[in-house]
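> Here is the input, now give the coordinates:
(one chain, ligands or ions: 2)
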Amino acid sequence: MTDLPGVVVTGVSGRMGQMLVREIQADGRLKLVGAVERSGHDWVGRDLGACMGGADLGVTVTDDPLEAFAKAQAVIDFTAPAATLAFAELAAQARAVHVIGTTGFSDEDLAQLKHAGHHAVIVRAGNMSLGVNLLTVLTRQVAKALDADFDIEIIESHHNRKVDAPSGTALMLGEAAAEGRGVNLSEVSDRGRDGITGARKRGDIGFHAIRGGGIVGEHDVIFASPSERIVLRHIAEDRSLFAKGAIKAALWGQDKAPGEYDMLDVLGLPKD
Ligand SMILES: NC(=O)C1=CN([C@@H]2O[C@H](COP(=O)(O)OP(=O)(O)OC[C@H]3O[C@@H](n4cnc5c(N)ncnc54)[C@H](OP(=O)(O)O)[C@@H]3O)[C@@H](O)[C@H]2O)C=CC1
Ligand SMILES: O=C(O)C1=N[C@H](C(=O)O)C[C@H](O)C1
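Ligands and ions are numbered 1, 2, ... in the order given. Model (predicted):
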């Protein structure tokens, strides 16, 4: 029997952390060899399965990522930007594929991750689902086919615990629209209007964030002209689709050269 690649899940007590554990167990192509939480968390030192309310899994939750990563071929990380930057260094040292689902990075953070990608395999995406990645391809195509008579607006909706806006997915969709139009997103981005804003500027790409209840994740890309409107929409029904995408990325990355990849690479979807 061949050995399965070992995987560590960081932020294991989180919404995505627990979903990843369940999906890794159900999928069977990776072996869960570690689970990381921050120092002082009450799961640290206890069996992960018991923490999650089930049978023991034989994996003790640790607050020592370096020790955990040393045993792994992959790290799946849906935490917070500062944590992910620290994990990127440690995953590179351990030569483990670092799958990053975390969102909310600053431009400086992204530059640091790009640098880490010189020495390690990183797969990072603001959304790991097939549907959203396909939607980025469609958004780029539609934006390319239409001129700026069509105003582009992106609306995202998420649960009331989400801490960053616009969502990572909304930013992916905005980048795709800007690419299709041949413009730089940072020069046309208009986020969350409020007050006497003046009329909409031709060519801007607008972003709006709704936060409420338990919404898993919904994204609309609207192309509105004076006489017609196209709406591209994705609705995530549950978080398992993000976990499935992350597992696929961890397996895909095993034989890749160092570099920063995304889910278009993993899924074989077109990049232009
Ligand atoms: N790319 C994608 O497809 C998706 C991305 N996401 C993104 O994933 C991230 C997590 O989302 P979600 O699971 O809902 O959030 P949660 O807050 O439920 O989980 C995050 C977990 O990370 C832990 N954490 C934070 N800092 C550290 C640290 N330094 N060391 C160890 N653990 C740490 C948190 O612990 P504590 O509670 O103690 O802070 C928490 O358990 C977000 O950025 C979200 O936007 C979410 C879904 C899909
Ligand atoms: O925080 C979440 O929940 C989600 N975050 C990602 C994002 O910021 O786009 C992906 C998904 O929409 C859920």
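
> got the residue ranges for the helices in the stretch 51-200 of the chain?
For the stretch 51-200 of the chain, the helices defined by DSSP state H, counting those that start in this stretch cover 65-69, 81-93, 107-116, 130-145, 168-181, 185-188.

> List the buried residues in the fourth one.
Along helix 130-145, these residues count as buried under the neighbour rule (16 or more other C-beta atoms under 10 Å): 130, 132, 133, 134, 135, 136, 137, 139, 140, 142, 143. In short, each C-beta sits where N, CA and C put it, glycine included.

> In this protein, mark out all the strands, start to finish.
Along the chain, the stretches classed as strands by DSSP state E are 6-10, 31-36, 61-62, 74-77, 97-100, 121-124, 151-158, 189-191, 205-211, 218-224, 229-235, 259-261.

> Reformat the ones you listed as TSV; add distance to ligand 1, mean neighbour count and mean pLDDT.
Shown next, in TSV, are the strands of the chain (distance: least, C-beta to the nearest ligand atom, whole Å; neighbours: other C-beta atoms under 10 Å; pLDDT from 0 to 100):
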stretch	distance to ligand 1	mean neighbour count	mean pLDDT
strand 6-10	5	28	98
strand 31-36	5	23	98
strand 61-62	10	22	98
strand 74-77	8	29	98
strand 97-100	8	30	98
strand 121-124	8	26	98
strand 151-158	8	22	98
strand 189-191	17	16	98
strand 205-211	12	18	98
strand 218-224	12	20	98
strand 229-235	12	14	98
strand 259-261	14	19	97
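
> okay, now whichever residue of the chain sits closest to ligand 2: neighbour count?
In the chain, the residue that lies nearest ligand 2 is residue 217 (2.8 Å; C-beta to the nearest ligand atom). By other C-beta atoms under 10 Å, 24 other residues sit near residue 217.

> Please tell me how far it sits from residue 13.
According to C-beta to C-beta, to the nearest Å, residue 217 stands 20 Å off from residue 13.

> mind listing what the closest residue to residue 211 other than its chain neighbours touches?
Distances taken as C-beta to C-beta, 6 or more residues apart in numbering put residue 160 closest to residue 211, at 5.3 Å, once the chain neighbours are dropped. By C-beta atoms under 8 Å, 6 or more residues apart in numbering, the contact list for residue 160 reads 211, 212, 213, 214.

> which of those lies closest to ligand 1?
The nearest member of these to ligand 1, counting by C-beta to the nearest ligand atom, is residue 214 at 11.2 Å.

> measure that closest one to residue 19 for me?
On the measure of C-beta to C-beta, residue 214 and residue 19 end up 14 Å apart.

> residues contacting residue 139?
173, 176, 177, 180, 221, 232.

> Quick check: the farthest pair among these?
180 and 232 (11.8 Å; C-beta to C-beta).

> Identify the contacts common to those two.
Counting by C-beta under 8 Å, 6+ apart, the residues touching both residue 180 and residue 232 are 139, 142.
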